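1. Quick one: sequence plus predicted model below, questions after.
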Amino acid sequence: MTRETTVNLLITLLLLGLPLVAAGMGEPFYVTLATRVVVLALAAVGLNLALGLGGLLSFGHAAFFGLGGYVAGILATHAFNAEPLFAGIPGTTSMPLIWLAAVVVAGLVALPIGAISLRTTGVYFIMITLAFAQMIYYFAISWPAYGGEDGLSIYVRNAFPGINTAQPLPYFLICFAVLMAALLLFRLVEGSRFGSALQAARQNGVRLAAVGIPPFQIRLVAFTLSAMITGLAGALYADLNRFVGPSMLSWHMSGELMVLIILGGKGRLFGPVAGAMIFVCLEYVLGGITERWQFFLGLILLGIVLFARGGLLGLLSGKPRHV
Amino acid sequence: MSEPILEIRDLRKSFNALKATDGVSLDLHPGQIHALIGPNGAGKSTLIHQISGSLAADSGTIRFLGQDIGGLDMAARARLGLARSFQISSLAQEFSALRNVMLAIQAKEGSSFRFFRQVASDRSLIDPAMAMLERVGLAARAKVPAAELSHGERRQLEIAIALALSPKAFLFDEPMAGMGPEGSKQLTSFLDGLRHEAPMLLVEHDMDAVFALADRISVLVYGRIIATGTVDEIRRDPDVRRAYLGETA
């Protein structure tokens, strides 16, 4: 077992153990806090696929996060009001259906955004993805049917067959299981032929094209897959807060997801998880002391970028293995 | 003579006022090594870029295996069987030598949209890739990241990747560049054996290698081919002697 695997295992145990203990001690707040870690980590696992493996600096992943959230909110609202969505299709409060819809919508939106954005690289790619996300953000703000600037409340958390989702711990466990599934998927994709091509596209796109693999197609599929995972996280996030608003779509959110990855370790399997743990801890602990907690987050980020490029996982487990 | 595998007609490419490729026509025939020589800045690499598809020509045609490939991108041309090496090694730096070659094997199989089977244990990629590394004498360094290979080893790796594509034609851009005399000699005899696998368009400054290998030589000066012929014809050509060989002799 490599050192990184050990660290990953410890992170998993910590993330699963703390909420169990908190629930046992009758502290549901900490269970909810851990759920926030899990869901943000899931969103960042999605981004990590594009950013970490593919080197695609998407500054617009909030679009997919927010879309997932709005899919959950809109479907739940229609079900709650017993109004059909359109063409007689009813809303739903079933989580599996909502997740499916969130993943499909995020993917369908990511495909054209990716197809256009991936014609550019570097700073232009960052700006184009940002621009698309902001377009969706302003669209949400100006659409009064779904709350506009005020967002949408989900009055009762959506349902999962056989599990009482209204309780913090069962909902945490659902989110945790989804995160684990996403991490497994990430690991499989990373080691697959597609993953090889994607990482080669990051290291040297010309080399990839020279052996006959079109980098554009590889990147587009990765971008879309990445958006789908982040969209799923958005649906879970909306259910966690029982609310979805335009802030989920804003560029702050895109930046936050990038920060999580850099904190934890870019391109590392558990980077987003470690990053989300640090982020939520800082937000909670420092946020309790001062409103200006993000100043200290900035200092930490600065330290990591200057002295520990591999993020927390890089510090704990050394250089990534070469394969 | 047999049908050329690669047929270039009146290719032109300008960068502002500079005519980097000025009406180049050239044929590459089966079983041949066709060397392209010329002084620095003659436009040799620019020509290779246009043939491989990393640079678009302004006008002219490039036919490969009878098909006009002018509209195809680099990846599509590589899939048709046009394998190139780069003047400055261009590798996936973080990948091991083996993974670099495995990438070429997977590309040849056209199987890059597989998401689950793990390449690290995929014998159908590892075994043929290893065989290619053995052919170029790099098997002992298979697990070393490309970034940590020596200059000469990277050149060998470039060749192994090109071989792994089982191409219909090789485009080699100064494969000997920066290699010591011993390395050049070894590579020369290696390339000599390759001509029967696929014809080769070879850009090279090492004249010993060129004269030893080439079936035909074209001399490129200021974007124009001033002479094409056998080794002896080129050695005797007065224009060539004046424009090129004279400078180095």
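-> Yep, it's here.
2. C-alpha from now on. contacts and neighbour counts both.
-> Noted.
3. Strands of the chain, start to end?
-> Defaulting to chain A. All strands of chain A, identified by DSSP state E, fall at A:84-86, A:89-90, A:152-153, A:243-244.
4. was after chain B, sorry
-> B:6-15, B:18-28, B:33-37, B:59-64, B:67-68, B:82-84, B:169-173, B:200-203, B:216-221, B:224-229.
5. Report the distance from the third one to the chain centre.
-> In other words, strand B:33-37. Remark: strand B:33-37 is offset 10 Å from the chain centroid, using CA atoms, centre = their mean, to the nearest Å.
6. just the angle between it and strand B:224-229, please?
-> Note on geometry: by axes from the mean of the first three to the mean of the last three CA atoms, to 10 degrees, strand B:33-37 and strand B:224-229 are set 140 degrees apart in direction.
7. For strand B:33-37, give me every contacting residue.
-> Residues from elsewhere that reach strand B:33-37 (CA atoms under 8 Å, 6 or more residues apart in numbering or on different chains): B:28, B:44, B:195, B:199-205, B:210, B:213-220.
8. Which residue is the nearest non-sequential neighbour of whichever residue of chain B sits closest to chain A?
-> Nearest residue of chain B to chain A, counting by CA to the nearest CA: B:Ala75, 3.8 Å away. Residue nearest to B:Ala75 in three dimensions, not counting chain neighbours: A:Gly212, with 3.8 Å by CA to CA, 6 or more residues apart in numbering or on different chains.
9. A:Ile213 now?
-> B:Ala75 (5.4 Å).
10. Look up how far A:Gly267 lies from A:Ala44.
-> Distance, A:Ala44 to A:Gly267, by CA to CA, to the nearest Å: 11 Å.
11. which residues does A:Leu118 contact?
-> Neighbouring residues of A:Leu118 by CA under 8 Å, 6+ apart: A:125, A:216, A:219-220.
12. What about those residues, which are in helices?
-> Applying DSSP state H to these, the entries found in helices are A:125, A:216, A:219-220.
13. Tell me the most packed of the residues you listed, by neighbour count.
-> A:Arg219 (25 neighbours; other CA atoms under 10 Å in any protein chain shown).
14. How many residues are close by the residue in the stretch 201-323 of chain A positioned nearest to chain B?
-> Ranking the residues of the stretch 201-323 of chain A by distance to chain B (CA to the nearest CA) places A:Gly212 first, at 3.8 Å. For A:Gly212, the neighbour count with other CA under 10 Å is 27.
15. Show me what the lowest-mean-pLDDT helix or strand in chain A is in contact with.
-> Taking mean pLDDT, DSSP states H and E as the measure, chain A has strand A:84-86 as its least confident helix or strand, at a mean of 83. For strand A:84-86, the surrounding residues in contact (CA under 8 Å, 6+ apart) are A:75, A:78, A:90-91.
16. Filter these down to the buried ones, ChimeraX style.
-> Entered in ChimeraX, the line below selects the buried ones among the contacts of strand A:84-86, by 16 or more other CA atoms under 10 Å in any protein chain shown:
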select /A:75,78,91
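17. So which of the contacts of strand A:84-86 are in helices?
-> Per DSSP H, the subset of these in helices is A:75, A:78.
18. Mind telling me the two of the contacts of strand A:84-86 farthest from one another?
-> Longest distance between any two of those is 8.0 Å, between A:Leu75 and A:Pro90; criterion CA to CA.
19. tell me, what's touching those two both at once?
-> Shared contacts of A:Leu75 and A:Pro90, defined by CA under 8 Å, 6+ apart, are absent.
20. Could you list the domains of chain B?
-> B:1-81+B:167-249, B:93-166 (automatic domain parsing).
21. would you turn those domains into CSV with mean neighbour count, distance to A:Leu40 and mean pLDDT?
-> CSV is the format used below for the domains of chain B (neighbours: other CA atoms under 10 Å in any protein chain shown; distance: least, CA to CA, whole Å; pLDDT from 0 to 100):
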stretch, mean neighbour count, distance to A:Leu40, mean pLDDT
domain B:1-81+B:167-249, 18, 37, 90
domain B:93-166, 20, 24, 94
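22. May I see those domains arranged in CSV, with distance to A:Leu315 as well?
-> Output for the domains of chain B, formatted as CSV (distance: least, CA to CA, whole Å):
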stretch, distance to A:Leu315
domain B:1-81+B:167-249, 38
domain B:93-166, 19
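23. Test my guess that A:His254 contacts A:His61.
-> Just so we're on the same page, residue A:254 is Ser rather than His. Yes. Counting by CA atoms under 8 Å, A:His61 is a contact partner of A:Ser254 at 5.3 Å.
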